[in-house]
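> Sharing a sequence plus its predicted fold:
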Amino acid sequence: MTNPFEDQDSTYLVLLNEEGQYSLWPADIDVPSGWNVVHTEASREACVEFIRSQWTDLIPNSLKNTEVRT
């Protein structure tokens, strides 16, 4: 059995959560609670490219407006 998250021949979705974090998700697995589809079903390569083009700031949304304490 192959890992559904690494199957090059399957189709995927791109998900986004409220923290602004993206996830590559197999299209045939239910979307988990707290995640929204932001890119419809496509090849793994197309979804990875979409994530690369969109996720330019890896800081979670909840930390973006906090003050840095030293």
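Received, thanks.
> Other residues contacting the lengthiest helix in the chain?
Ordering each helix of the chain by length in residues (DSSP state H) puts helix 44-54 first. Applying CB atoms under 8 Å, 6 or more residues apart in numbering, the contact partners of helix 44-54 are 7, 8, 10, 11, 12, 13, 14, 22, 24, 38, 39, 42. C-beta coordinates here come from the backbone N, C-alpha and C atoms, glycine included.
> switch to 6 Å and redo it
Helix 44-54 is contacted from outside by 8, 12, 14, 22, 24, 39, using CB atoms under 6 Å, 6 or more residues apart in numbering.
> Show the contacting residues for the third one.
Applying CB under 6 Å, 6+ apart, one finds that residue 14 lies in contact with 22, 38, 39, 47, 50, 51.
> Residue 25: how many residues sit nearby?
20 (other CB atoms under 10 Å).
> backbone phi and psi for it, please?
Backbone torsions of residue 25, given as degrees, to the nearest 10, read phi -130, psi 130.
> who's in contact with it?
The neighbourhood of residue 25, defined by CB under 6 Å, 6+ apart, consists of 13, 15.
> where does it land on pLDDT?
If you check residue 25, the pLDDT there is 98.
> For residue 66, see how far away the residue most central in space within the chain is.
Nearest to the mean C-alpha position of the chain, by CA atoms, centre = their mean, lies residue 23 at 1.9 Å. From residue 23 over to residue 66 the distance is 23 Å, taken as CB to CB, to the nearest Å.
> is it true that residue 36 lies in a strand?
Yes: assessed by DSSP: H, G, I helix; E, B strand; the rest coil, residue 36 belongs to a strand.
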